[in-house]
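Trainee: Got a predicted structure plus its sequence, pasted below:
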Amino acid sequence: MANGFHEVRFPLRLSLSTSGGPVRRTDIVNLSNGRESRNSRWRDARRSYDAGSGLRSFTDLYEVLEFFEARSGELYGFRFRDPVDWTTGRPDVPVTAFDQLIGTGDGTTASFQLAKTYGDAAASTVRTIRKPAADSVIVAVDGVEQGPSAFACDAATGLVSFAAGHIPAAGAAITAGFEFDVPVRFATGRIDVNLSAFNTGRIPTIPLTEIVP
């Protein structure tokens, strides 16, 4: 049975020194002819982080303890801002309504899931985005940016829904730009605090793992 998700973000200032990123699982079999047979165990990458390195002050330590207790440890998921990958484009480029293709209209479909595509000339992969930052989503249809009355985006699911009279026509490309968080949970049932001096200390490791809420 799936457990709940809290629509709160891990304190942003504590995530800036985080280590981690995407993880993939691949089964590799060495064949007798010297070649390899490789098979991806997971369809999508699953991100893993360690937020322990970002802690310094006594206030930081308490804030993490409080956040951990409010989530009941590993029980409830929450939002986490990846310090590198948190927008629809490169982190040094402003978000635009033309960043990512999220669908093609058919004249009747009114809802489209936010997504981000990673790729190059050889291959690409599409990542479903379920936790956009509230009020950051901008959308265009066939190259024309849409006004706020034309659509709404559910920040808890990443689903974009067009209002009546604004449903994309058949063949129309729907693009979007946005900021987003990663849905994660604590990957440990304990938090160990090391106090190195008065009002300073550290939590050596705070493992987080991506989930599907």
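Mentor: On my side now, so go ahead.

Trainee: Quick check: buried residues in stretch 89-109?
Mentor: The neighbour-count criterion (16 or more other CB atoms under 10 Å) identifies 95, 97, 98, 99, 100, 102, 103, 105 as the buried residues of stretch 89-109. Using the backbone N, CA and C atoms, a C-beta is placed for each residue, glycine as well.

Trainee: Do I have it right that the fourth one meets residue 90?
Mentor: No - between residue 99 and residue 90 there is no contact under CB atoms under 8 Å: 9.8 Å.

Trainee: so what's residue 63 scoring on pLDDT?
Mentor: Note on residue 63: pLDDT of 89.

Trainee: what's near enough to touch the closest residue to residue 70 other than its chain neighbours?
Mentor: Nearest residue to residue 70, sequence neighbours excluded (CB to CB, 6 or more residues apart in numbering): residue 6, at 7.5 Å. For residue 6, the contact set (CB atoms under 8 Å, 6 or more residues apart in numbering) comprises 70, 71, 76, 77, 78.

Trainee: Need phi/psi at residue 6.
Mentor: Torsion angles at residue 6 (phi, psi; degrees, to the nearest 10) stand at phi -100, psi 120.

Trainee: do residue 144 as well
Mentor: Residue torsions, per degrees, to the nearest 10, at residue 144 are phi -110, psi 120.

Trainee: what does the one 10 residues further on give?
Mentor: Here is the backbone geometry of residue 154 (degrees, to the nearest 10): phi -80, psi 110.

Trainee: and it, how many neighbours?
Mentor: 14 (other CB atoms under 10 Å).

Trainee: Can you name the residues bridging to it?
Mentor: In this entry, residue 154 is beta-bridged to residue 159, by DSSP bridges.

Trainee: Would you agree it is in contact with residue 137?
Mentor: No - Residue 154 is beyond contact range of residue 137, at 9.8 Å (criterion: CB under 8 Å).

Trainee: and the buried residues of stretch 89-109 as JSON lines, adding pLDDT?
Mentor: Output for the buried residues of stretch 89-109, formatted as JSON lines (pLDDT from 0 to 100):
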{"residue": "95", "pLDDT": "96"}
{"residue": "97", "pLDDT": "97"}
{"residue": "98", "pLDDT": "98"}
{"residue": "99", "pLDDT": "97"}
{"residue": "100", "pLDDT": "98"}
{"residue": "102", "pLDDT": "98"}
{"residue": "103", "pLDDT": "97"}
{"residue": "105", "pLDDT": "97"}
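
Trainee: what's the closest non-adjacent residue to the most centrally placed residue in the chain?
Mentor: Centroid check for the chain by CA atoms, centre = their mean gives residue 182 as the closest residue, at 2.6 Å. In this structure, residue 182 finds its nearest non-sequential neighbour in residue 80, 4.9 Å apart by CB to CB, 6+ apart.

Trainee: got a list of what that neighbour touches?
Mentor: Residue 80 neighbours (CB under 8 Å, 6+ apart): 9, 10, 15, 49, 51, 181, 182, 183, 184, 208.

Trainee: same check, this time on residue 96
Mentor: When contacts are counted by CB under 8 Å, 6+ apart, residue 96 touches 89, 138, 177.
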